[in-house]
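Asker: build me a model from this:
(one chain, ligands or ions: 1)
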Amino acid sequence: MYRYTNSLNPKIMKPESLMMSHGFKPELSEGAIKCPIFMTSTFVFKNAEEGKAFFELAYGKRAKNEGEEMGLIYSRINNPDLEILENRLCLWDQAEDCAVFESGMAAITTVLLEFLKPGDMVLFSSPVYGGTDHFIKKILPKFNIHSLEFTVGQSQEEIIELVNNSGMADKLALVYIETPANPTNDLIDIEATKEIAKHFSTPEKEVFLAVDNTYLGPVWQHPLKHGADLVLYSATKYIGGHSDVIAGACLGNASLMGRVKGMRTFLGNMASPHTGWLLLRSLETLKVRMDMQALNADKVAEMLNTHPKVEKVYYLGNFKPGDKQYEIKQKQCATNGGMISFDIVGGEKEAFKFLNALKLIKLAVSLGSTESLAEHPATMTHCDVDDADKAKFSITEKMIRLSIGVENHEDIISDIKQALEMI
Ligand SMILES: *Cc1c(COP(=O)(O)O)cnc(C)c1O
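Answerer: Next up, the predicted model:
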């Protein structure tokens, strides 16, 4: 890391001030103010001794000498666009190291494969992202890896009892959560979940906690600060933010990230230089985009809360003091986020009428982008969830999920109002 470090101090300046320059030295690229796209598969060594030294470090054959930097070898292992991007992402979460991937699913599955082995069990929160749910329930069993799910709202004691009752407590190797939950915006206490991981850790085997922070990160929530060992992103969402790239990221301490990067090297699912470059560009506006999205979401939620054609609004801003969910929000979320779900008065017919009548807001899945999006979880993102679980999580025919963009809030609100009037 930090091969290209320049003189600005990340300990003093805020991440948004450093996103244009951190980790990039123009002198190494003909004075270019922006990092070029390093479209190269391999890198020329100055001499054979240098090549030998880089490989010794890359394969962990010896520790780094004082002041020694890992050099560039081959773009599956390292590439300037990815290294600079990883260094910049570290600033938001105050992480020691980061690995970027060609998708959020690539980041998530690499972590699951690295930290679980045959016979192990993963404890995970439900609901989780559909792709994660599928991988845990349908693919991990092929490797004889077991899973146990808990739901938002279950207490620390209840979850510990659940693990004990599974008869596999000694096999627990990883706890995996997603908070806020999609699409209901229910929160899980990260600190309390870390306590559960600690409860089942032994001197021989530490149980790690991984948190999918796609919904609020990396500006509005920092799981590592609350005890998480690894934080995961679909960078396709807020980090990319323009609906034009699929990517993922994982961050944590140097030792765990060494393992994640090792696995990435052999799965070969790192991001491409072009993806890295697109995300470097996106990061420059991450803070202003997300600030605007949160402001807009508060205004949209305020309107929905009192609209006669809206039955219920699922939004972080609606938790009330005294409520357990409110306490968790105060502790770990910097804003109410940019995601709002709501139940429309009626059912699928009314929900579809509303979605089909939207003009400015686009009817599409995904989230976190500059443009506002709307979708119908029950028949779209969550169609694979079985009916009992749908009922348990209030994912009914009347639910609509909105991802709020950076448009003028008055235009977003008037589009929603005119579409509601069509019902
Ligand atoms: C989109 C998403 C993913 C998957 O990311 P991809 O980039 O599509 O592979 C994982 N988790 C959450 C919460 C997501 O929203």
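
Asker: what's the closest non-adjacent residue to Ser243?
Answerer: Distance criterion CB to CB, 6 or more residues apart in numbering; nearest residue to Ser243, sequence neighbours excluded, is Ser369 at 4.2 Å. (Each C-beta comes from the backbone N, C-alpha and C, glycine too.)

Asker: which parts of the stretch 201-350 of the chain sit against the ligand?
Answerer: Proximity of the stretch 201-350 of the chain to the ligand, by CB under 6 Å from any ligand atom, involves residues 212, 214-215, 234, 236-237, 246, 248.

Asker: just the buried residues from these, in ChimeraX please.
Answerer: Typed into ChimeraX, the line below selects the buried ones among these, using 16 or more other CB atoms under 10 Å:
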select :212,214,215,234,236,237,246,248
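
Asker: between all of the residues of the stretch 201-350 of the chain next to the ligand, which two are separated the most?
Answerer: Tyr215 and Ile246 (17.1 Å; CB to CB).

Asker: so what's Leu209 bridging to?
Answerer: Beta-bridge partners for Leu209, by DSSP bridges, are Val175.

Asker: follow-up on the earlier one: from the residues of the stretch 201-350 of the chain next to the ligand, which is closest to Lys309?
Answerer: Tyr215 (26.0 Å).

Asker: grab the longest helix from this structure for me.
Answerer: Longest helix in the chain by number of residues (criterion: DSSP state H): helix 286-305.

Asker: show me what the mean pLDDT comes to for the following helix or strand past that helix.
Answerer: Moving toward the C-terminus from helix 286-305, the next helix or strand (DSSP states H and E) is strand 310-314. Within the predicted structure, the mean pLDDT of strand 310-314 is 98.

Asker: buried residues in strand 310-314?
Answerer: Here strand 310-314 shows 310, 312-314 as buried, counting by 16+ other CB under 10 Å.

Asker: is Asn182 in a helix, a strand, or coil?
Answerer: coil (DSSP: H, G, I helix; E, B strand; the rest coil).

Asker: dump the residues of the stretch 201-350 of the chain next to the ligand to CSV, plus secondary structure.
Answerer: Shown next, in CSV, are these (three-state DSSP):
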residue, secondary structure
Asp212, strand
Thr214, coil
Tyr215, coil
Ser234, strand
Thr236, coil
Lys237, coil
Ile246, coil
Gly248, strand
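
Asker: give the contact list for the residue in the stretch 101-250 of the chain positioned nearest to the ligand.
Answerer: Closest approach between the stretch 101-250 of the chain and the ligand, counting by CB to the nearest ligand atom: Gly104, at 2.3 Å. By CB atoms under 8 Å, 6 or more residues apart in numbering, the contact list for Gly104 reads 129, 131, 214, 232-237, 246-248.

Asker: can you tell me what sits against the helix or strand hosting Asp389?
Answerer: Assessed by DSSP H and E, Asp389 sits inside helix 387-392. Applying CB under 8 Å, 6+ apart, the external contacts of helix 387-392 come out as 126-127, 151, 378, 382, 395-396.

Asker: from those, which two are the most distant?
Answerer: Thr151 and Ala378 (17.9 Å).

Asker: where does pLDDT dip in this structure?
Answerer: 1-7 (pLDDT under 70).

Asker: can you map out the strands along it?
Answerer: 97-101, 121-126, 146-151, 172-178, 208-212, 230-234, 248-252, 310-314, 339-344, 362-363, 373-375, 399-403 (DSSP state E).

Asker: strand partners (parallel or antiparallel) of the last one?
Answerer: Neighbouring strands of strand 399-403 in its sheet, by DSSP bridges, are strand 339-344 (antiparallel), strand 373-375 (antiparallel).

Asker: hmm, who's touching the last one?
Answerer: What it means is strand 373-375. 355, 358, 361-367, 381, 400-403, 405.

Asker: which of these are buried?
Answerer: 355, 358, 361-362, 366-367, 381, 400-403, 405.

Asker: dump these to JSON lines, plus distance to Met422.
Answerer: Formatted as JSON lines, those follow (distance: CB to CB, whole Å):
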{"residue": "Leu355", "distance to Met422": "10"}
{"residue": "Leu358", "distance to Met422": "9"}
{"residue": "Ile361", "distance to Met422": "13"}
{"residue": "Lys362", "distance to Met422": "17"}
{"residue": "Ser366", "distance to Met422": "24"}
{"residue": "Leu367", "distance to Met422": "24"}
{"residue": "Thr381", "distance to Met422": "23"}
{"residue": "Ile400", "distance to Met422": "13"}
{"residue": "Arg401", "distance to Met422": "19"}
{"residue": "Leu402", "distance to Met422": "16"}
{"residue": "Ser403", "distance to Met422": "21"}
{"residue": "Gly405", "distance to Met422": "21"}
